[in-house]
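>>> Sequence first, predicted coordinates after that:
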Amino acid sequence: MKEPELLLGGLLFPEGPRWRDGRLWFSDQHGREVVAVDLRGRRETIAKVPAHPSGLGWLPDGTLLIVAMNDRKLLRLDGAELAVVADLSGIATFHCNDMVVDVAGRAYIGNFGFDMFSGAAPAPASLAMVTPDGKARAVASELMFPNGMVITPDGRTLIVGESYGGRLTAFDVAADGSLSNRRVWAQINVPPDGCCLDAEGCVWVAIPTNPGSFLRVAEGGEIKQQIDVPDAGAFACMLGGEDGRTLFLAESREMNPERVAAGDGRIRTLRVDVPHAGLP
């Protein structure tokens, strides 16, 4: 396998990458902005988010949704202004994190569950769902740091990484967005972070240790491919490009907001054989 190529450097902490309209959209979380970059490395700041942006997604009408991590809110971008869609502080027990938005515009949002950077003991968290009209409710509980998520192409299965459980966990998705039939999709015994799905049903998932790695995991836990990152942590990934075969790798040398510095983060790309599928 070839070495990944640098697409964009000079970042702090890239998270939540999403391919849309010929560009990669992502949150530079500790840079407090949402950015889009094309395949030539030309970047545009889409929005400034003081409360640290995280997960990204779109409503069916094309409206951009942004998770405000520290505020525990879901925002939407109305022109140049940010508006609150839902306050998740009654569901999220610490900072909100990644998000996947389904074809109906329902946003599934995870949260830390505990103050990871203060040395608090890990605690379970709930997964929130926000409907397009802004109504929020918990649809799963007792998850150990629900993080990156994917939804299968038929819309019937949601897979979420439990970072402190070392596993990918699957749920059936009902017509109203409710989740049931919780099961272990893959026990990988390393902390999963941001992820995406390919057309063979495998999940590419970032492993945020430093050194980090990106794993291509099949249901049941078999590791099909591994990309090692010797000099940084791996925090999220996304399949995109014109044919869906460009794997975007979001990496940073530091994740603690009190220590991260400009230039710690970067996005690299690698061509892979199997294209994108499902959501995000």
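Yep, it's here. Numbers count the residues shown, from 1 in each chain.
>>> Go ahead and name everything in contact with stretch 26-46.
7-8, 11-18, 22-25, 47-56, 64, 66, 69, 77, 236, 241, 246, 250, 257, 260, 262, 265, 267, 269 (CB atoms under 8 Å, 6 or more residues apart in numbering). Where C-beta positions appear, they are placed from N, C-alpha and C, glycine not excepted.
>>> Which of these are buried, as a ChimeraX select command?
Listed next is the ChimeraX selection for buried residues among these, using 16 or more other CB atoms under 10 Å:
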select :7,8,11,12,13,14,15,16,17,18,23,24,25,47,49,51,52,53,54,55,56,64,66,69,77,236,241,246,250,260,265,267,269
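>>> Strands - which of the contacts of stretch 26-46 land there?
7-8, 11, 14-18, 23-25, 47-48, 53-56, 64, 66, 77, 236, 246, 250, 265, 267, 269 (DSSP state E).
>>> element containing the residue lying closest to Ala138 once chain neighbours are set aside?
Closest residue in space to Ala138, ignoring its immediate chain neighbours: Ser126 at 4.1 Å, by CB to CB, 6 or more residues apart in numbering. Element membership of Ser126, judged by DSSP states H and E, is strand 125-130.
>>> distance between that strand and the chain's centre?
Mean-position distance between strand 125-130 and its chain equals 14 Å (CA atoms, centre = their mean, to the nearest Å).
>>> who does Arg23 bridge with?
Arg20 (DSSP bridges).
>>> show me the contacts for it.
By CB under 8 Å, 6+ apart, Arg23 lies in contact with 36-38.
>>> Give me the buried entries from those.
For the contacts of Arg23, a burial check counting by 16+ other CB under 10 Å picks out 36-37.
>>> Would you format the contacts of Arg23 as JSON lines with secondary structure and distance to Val190 included?
Shown next, in JSON lines, are the contacts of Arg23 (DSSP: H, G, I helix; E, B strand; the rest coil; distance: CB to CB, whole Å):
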{"residue": "Ala36", "secondary structure": "strand", "distance to Val190": "30"}
{"residue": "Val37", "secondary structure": "strand", "distance to Val190": "28"}
{"residue": "Asp38", "secondary structure": "coil", "distance to Val190": "32"}
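>>> Including distance to Leu82, could the contacts of Arg23 go into CSV?
Listed next are those as CSV, based on distance: CB to CB, whole Å:
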residue, distance to Leu82
Ala36, 16
Val37, 21
Asp38, 24
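>>> Could I get the pLDDT score of Asp102?
Confidence at Asp102, expressed as pLDDT, is 98.
>>> Sheet-wise, list the partners of the next helix or strand after the strand holding Ser126 with their directions.
As assigned by DSSP H and E, the chain's next helix or strand after strand 125-130 is strand 136-143. Note on strand 136-143: by DSSP bridges, its sheet partners are strand 125-130 (antiparallel).
>>> pLDDT of the partner strand, averaged?
For strand 125-130, mean pLDDT is 98.
>>> who touches that strand?
74, 85-86, 88, 91-94, 96, 106-114, 136-146, 160, 177, 179.
>>> Select from the residues you listed every entry located in strands.
74, 85-86, 96, 107-111, 136-143, 146, 160, 179.
>>> Sweet, I'm off.
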